[in-house]
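here's a sequence, model it:
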Amino acid sequence: MFLFLISLFSLYTPSQTPLASDSVLAYVKIYQGDTIPMGFLPQVNIWSAVKWKSDAERLEYLRLKRNLVIVYPYAIKAARILLEMNEELSHIEGNLARKRYIKSKERVLKENFEDRLKGMSTYQGRLLMLLIDRQTGQTCYELVKEFRGGFLAWTYHTMMNVYDEDLNMKRTYDATQYPLIDHVLWEIETGKLKVSEIK
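Predicted coordinates for the structure are as follows:
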């Protein structure tokens, strides 16, 4: 019994003592022989106060904000669907089986979203294409080319450019190029601006 108790005390080391109630566990960095406490701060976004040059510019921003609230959930849903499809396609072998899967998914998407997307304005369509690129890392042109083929992607792209040259399926999202869009998206993603979720 005595040996058992001694073996228990030998396993107990001072480093295993619990912290006192007034102690704080902290990260440290040793720099030139000094021990310096270290901490990690959350990311902080700093936006300069927006000064509108005119009422028209302020109204354009409000229009942008209103439309981004509408299209943002669709971009999130598109990214989620693309992730699911790529996961599913990674387990499907053979071109015919892959094409059947893509066709079946396309039918479901048309049933659920075609009417809603047709009801969008051209302006909302432009924003949605930018956000899809932002969320997926692929332009709409690349997505159509990947799932439906190069000829159809080229046809859609050409038709859109004839209708409106701003409807560019190859346009990529660049936060530095679209600072107001980026600001509104930051408001949405930090919960300052509410959007509804797409089922």
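
from here on, contacts and neighbour counts on C-alpha atoms
Fine.

quick check: which element contains Leu131?
helix 122-136 (DSSP states H and E).

buried sites along the next helix or strand after that helix?
Scanning forward in sequence from helix 122-136 by DSSP H and E, the next helix or strand is helix 140-148. Within helix 140-148, the residues that qualify as buried are Cys140, Tyr141, Glu142, Leu143, Val144, counting by 16 or more other CA atoms under 10 Å.

wouldn't the first one be in contact with Asp133 here?
Translated: Cys140. Yes - contact criterion CA atoms under 8 Å: Cys140 and Asp133 qualify, at 6.9 Å.

give me the contacts around stretch 179-189.
Trp47, Tyr61, Leu64, Lys65, Leu68, Val69, Ala175, Leu193, Lys194, Val195 (CA atoms under 8 Å, 6 or more residues apart in numbering).

next, name the residue at the spatial heart of the protein.
Here the mean C-alpha position of the chain is nearest to the C-alpha of Gln135 (CA atoms, centre = their mean), at a distance of 4.2 Å.

now for the closest residue to that residue other than its chain neighbours: which residues touch it?
Computed as CA to CA, 6 or more residues apart in numbering, the closest residue to Gln135 that is not its neighbour in sequence is Ala79, at 5.9 Å. With contacts defined as CA under 8 Å, 6+ apart, the neighbours of Ala79 are Ile132, Gln135, Thr136.

thinking again about what came up before, dump the buried residues of helix 140-148 to a markdown table, plus pLDDT.
A markdown table is the format used below for the buried residues of helix 140-148 (pLDDT from 0 to 100):
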| residue | pLDDT |
| --- | --- |
| Cys140 | 83 |
| Tyr141 | 86 |
| Glu142 | 87 |
| Leu143 | 84 |
| Val144 | 82 |
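
Gln32: which of the residues you listed is nearest?
Minimum distance to Gln32 across these is 52.1 Å, recorded for Glu142 (CA to CA).

report the contact partners of Val69.
Contacts of Val69 (CA under 8 Å, 6+ apart): Ile188, Lys194, Val195.

show me where the protein dips below the pLDDT cut-off.
1-21, 45, 47-48, 165-166, 198-199 (pLDDT under 70).

so which residues of it form strands?
27-31, 34-38 (DSSP state E).

show me where this protein has helices.
For the chain, helices defined by DSSP state H occupy the ranges 2-11, 55-89, 95-118, 122-136, 140-148, 150-163, 179-189.

of those, which stretch is the most buried?
Highest mean neighbour count among the helices of the chain (mean count of other CA atoms under 10 Å): helix 122-136, with a mean of 20.

now do that one and helix 140-148, the angle between them.
Interaxial angle, helix 122-136 versus helix 140-148 (axes from the mean of the first three to the mean of the last three CA atoms, to 10 degrees): 70 degrees.

any idea of the angle helix 122-136 forms with helix 95-118?
Using the same axes, to 10 degrees: helix 122-136 against helix 95-118 is 140 degrees.

just checking, what packs against helix 122-136?
helix 55-89, helix 140-148 (3 or more CA pairs under 8 Å, 6 or more residues apart in numbering; DSSP states H and E).
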